[in-house]
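Peer 1: Need coordinates for the below:
(2 chains)
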Amino acid sequence: MRRTSLVLSVFLVALIAAAGSAQAQSATDSFSVTAANQGIFLFNIVGTSFDFGTLTADGTTSSTGVAGARNGANNGATYTAAGVTTWTCNSAPSRTVRVFNASTTATINWGTADRLSLQIPSAGLPSGSTSCGYKTFTTAGDGGVGSCGSGNLVHSVATGNGSNAATGSLDLRLDVLDADTTGANTWTVVLTASGA
Amino acid sequence: MHRARFASKAPRGALLAVSFLLLAGSRATAGVSIAIVPPYAEKLVAGGTSVSDTISFTNRGSEPVLVSVDLSDFRVGDQGDVSEEPPGSQDTSLVPYLRISPTSMRVAPNQQASFRYVVETPEEFRQLRAMLYFSSLPETPAKANQVRIVPRMGVPLYVENTKAGQASLRVDHLEWQRSAESPDQLLLELTTENQGARNIRPTGFVSVRTRDGKFERSFPFNEGREPVLPGQMRQWRLAFGPVPTGELDVQLRVATSLRTSYESRTWVPAAND
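Peer 2: Here you go, the predicted model:
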């Protein structure tokens, strides 16, 4: 009898503890990932699109409020939007995050794909990662080569083992030439996370 | 060399752990939030047979996504870095024997989808592998001069022959030192080579103890279960800490096969020595 009561008490305590834990978990939009979680693969992107809006080679502020700057006589204008999105990758085993401009000619109605430049700033990247600065390119993929020279925006951003998460942000820059007749356009930026 | 048994249960454990996490945090978050289970797959089958399974894709975000699947070969470097190769270009390519269905699907917020793969193995092979990439294009209304951000997540799939020799890890080099920047961190340089014909994901632990025994702590080795592929040389550079700055007795134990492990014991001098 006494043993039954003891078992029942332990069970109730465990049940209450589990209920409290579940309540704490559901109170937040995110969950904590530590190295203790073996085998996990999550990718979060806060902003999935960014609209430059209507813009001109004069460098006047775009219809969506992106500031532009005239590059000088007959040199067009540059529109810059920093921190347009934040991404987080959680993984174990580790994965390497790479980013490339996957825009194709099929989506380019004015200018060319390489009018879009991208940058992942160093701030926020894990130790050992390399930010390659702003890059303007038309590559359809870097093939996973880990160097800035291959056209990467960033390389060696590894997440796994000691710290399961890697976080970064994305800056965009768009060039408008005087010769462009700007219309509606779409660019696609791909963030690849792969590991073994 | 000490003989010990290390069981590899990563995918099954991963399913349980991530399923729990997904249930616990099932509320939609802003933008795109994707969870894929398992993070890798390893299948052991005979030649000339068939094997199939599913990969679970969960959209935890606030926007519907159009998921498309593409395949590639891949190589793994000495540091564990992965490089993408054209599908079917490598001798170890699984792509010619792999079918996946569906190859595209719309997945709504809080929806879970399953992608089924089937592999018809050739008669003769040792290990075949491919990367399954899941690209998630958010369904965003088109606007003028829009940049869309697409996550592309790679899940490696390995198929190994039951006749292929089991993994066997050889330790070629081991070195301990303190970090010059942070003396409370121990740095391990370890070079290993897999002499077998199957993957090994060597786990183990590092035990650190002061001479007087007042400090004693264990750290996991390769808790993320990174693999060493057949024939691959793998260089590990790992940091463990924090640890005291005095003289330390450091022991490393790493699984080298299903039944064996490697053990070493090193005295690391005090930080000011």
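
Peer 1: Surely B:A180 is within a strand?
Peer 2: No. Going by DSSP: H, G, I helix; E, B strand; the rest coil, the assignment for B:A180 is coil, not a strand.

Peer 1: Find the closest residue to chain B in chain A.
Peer 2: A:G39 (2.5 Å; Cβ to the nearest Cβ). All C-beta spots, glycine's among them, are computed from the backbone N, C-alpha and C.

Peer 1: just the helices in chain A please.
Peer 2: Taking DSSP state H, the helices of chain A run over residues A:2-26.

Peer 1: Domain ranges for it, per the record?
Peer 2: Following automatic domain parsing, one finds the domains of chain A at A:1-31, A:35-194.

Peer 1: Out of these, which gets the lowest mean score?
Peer 2: Across the domains of chain A, domain A:1-31 has the smallest mean pLDDT, namely a mean of 40.

Peer 1: Please name the residues that touch the residue in the stretch 51-200 of chain B positioned nearest to chain A.
Peer 2: The minimum distance from the stretch 51-200 of chain B to chain A, using Cβ to the nearest Cβ, falls at B:G154 (3.2 Å). Residues in contact with B:G154 (Cβ atoms under 8 Å, 6 or more residues apart in numbering or on different chains) are A:95, A:192-195, B:72, B:74, B:82, B:131-133.

Peer 1: Does it belong to a helix, a strand or coil?
Peer 2: strand.

Peer 1: Please tell me how far the closest residue to it other than its chain neighbours sits from A:L116.
Peer 2: For B:G154, ignoring the flanking residues on the chain, the nearest one in space by Cβ to Cβ, 6 or more residues apart in numbering or on different chains is A:S194 at 3.2 Å. Between A:S194 and A:L116 the distance is 23 Å, computed by Cβ to Cβ, to the nearest Å.

Peer 1: B:S101: which of the contacts of B:G154 is nearest?
Peer 2: Nearest to B:S101 among these: B:L132, at 12.0 Å, using Cβ to Cβ.

Peer 1: for chain A, what spans make up the strands?
Peer 2: Taking DSSP state E, the strands of chain A run over residues A:40-45, A:49-51, A:68-70, A:77-92, A:95-101, A:116-119, A:130-131, A:135-136, A:154-155, A:157-159, A:165-176, A:186-194.

Peer 1: B:V67 is in contact with B:F134, isn't it?
Peer 2: Yes. B:V67 is in contact with B:F134 according to Cβ atoms under 8 Å; the separation is 5.8 Å.

Peer 1: hmm, back to that, from the contacts of B:G154, which two are the most distant?
Peer 2: Farthest apart among the contacts of B:G154 by Cβ to Cβ are A:R95 and B:S72. That separation is 14.6 Å.

Peer 1: So for the two, which residue has more residues nearby?
Peer 2: A:R95 (31 against 23; other Cβ atoms under 10 Å in any protein chain shown).
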